[in-house]
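A.B. asks: Below are the sequence and a predicted model for it; my questions follow.
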Amino acid sequence: MALRRRQPAPPRPRTDRSRFAGNAEPESMDRLWTPWRFTYVSRAEPQSPCIFCDKAAAASDAESFVVYRGRHSFVLLNIFPYNNGHMMIAPYEHAATLGETSRDALQEIIELTRLAEKHLLAIYKPLGINIGMNIGECAGAGVAGHIHMHVLPRWPGDAGFMTTVSETRVIPEDLRVSWEKLRAAFQGS
């Protein structure tokens, strides 16, 4: 029996934007209305080198979406979540690898990961949970210089047609609502 080679997918059609001038937009442009993001984009400032150090030092937990503060690490919402309830747990110390991180911070990260799992199961009732770290840029870390644990709920079909066809994530719950639910759960722990 001969093996068949899988044919590569055809290239995605690209809009020739060079023919649009001024404020004109291509007729085929899709729009996904997300009015809650206006607050975020209208206050956008130049990024500092480390968002986790900035979030740890932030004066307002509500504005920075910090859900819980431990002694050595903290829990915050991912502001670009994969799903509702997508949390990250990071040490206060700026460390790029597990080897650079203190034993106390590592222990607390795991304890907070366990609490995050418990609260996600109780609040969102997912059928699965992803837990993991990407250490280093080549491993997919968005912030390669500061380790952080991702904890996020999963459901069958949560990567629906919008994700696969339109490369668009649909997040039905406002981040503030997620923050309030998870903050209350962690405060009650």
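C.D. replies: All right, it came through fine.
A.B. asks: ok, the nearest residue to residue 58 once chain neighbours are set aside - how many residues close by?
C.D. replies: Of all residues not flanking residue 58 in the chain, residue 64 sits nearest, at 3.8 Å (Cβ to Cβ, 6 or more residues apart in numbering). Bear in mind the C-beta positions are built from the backbone N, C-alpha and C, glycine included. Neighbours of residue 64 under the rule other Cβ atoms under 10 Å: 18.
A.B. asks: same check, this time on residue 111
C.D. replies: When neighbours are defined as other Cβ under 10 Å, residue 111 has 14 of them.
A.B. asks: Report the contact partners of it.
C.D. replies: residue 70 (Cβ atoms under 8 Å, 6 or more residues apart in numbering).
A.B. asks: And it, which helix or strand is it part of?
C.D. replies: Using DSSP states H and E, residue 111 sits in helix 103-124.
A.B. asks: I'd assumed residue 127 was in contact with residue 156.
C.D. replies: Yes: look at residue 156 against residue 127 with Cβ atoms under 8 Å: they come within range, at 6.3 Å.
A.B. asks: can you give me the strands in this structure?
C.D. replies: Assigned by DSSP state E, the chain shows strands spanning 66-69, 73-77, 87-91, 128-132, 149-154.
A.B. asks: Residue 174 is nearest to which of these?
C.D. replies: Ranking the strands of the chain by proximity to residue 174 (Cβ to Cβ) places strand 73-77 first, at 10.9 Å.
A.B. asks: helices or strands up against that closest one?
C.D. replies: Under the contact criterion of 3 or more Cβ pairs under 8 Å, 6 or more residues apart in numbering; DSSP states H and E, strand 73-77 touches helix 51-57, strand 66-69, strand 87-91, helix 103-124, helix 175-187.
A.B. asks: What about residue 122, how many residues nearby?
C.D. replies: Neighbourhood size, residue 122 [other Cβ under 10 Å]: 10.
A.B. asks: Please apply the same query to residue 172.
C.D. replies: The local packing of residue 172 (other Cβ under 10 Å) involves 7 other residues.
A.B. asks: same deal with the one 3 residues further on?
C.D. replies: Around residue 175 sit 20 other residues, with neighbours defined as other Cβ under 10 Å.
A.B. asks: could you redo the helices and strands packed on strand 73-77 as TSV and give each row mean pLDDT?
C.D. replies: Below are those laid out as TSV (pLDDT from 0 to 100):
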stretch	mean pLDDT
helix 51-57	96
strand 66-69	98
strand 87-91	98
helix 103-124	98
helix 175-187	96
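A.B. asks: Out of the ones you listed, the one nearest residue 140 is which?
C.D. replies: Nearest to residue 140, of all the helices and strands packed on strand 73-77, is strand 87-91, at 13.8 Å by Cβ to Cβ.
A.B. asks: now the closest one against strand 73-77, angle please.
C.D. replies: Compare the direction of strand 87-91 with that of strand 73-77 by axes from the mean of the first three to the mean of the last three Cα atoms, to 10 degrees and you get 160 degrees.
A.B. asks: This completes my enquiry, with thanks.
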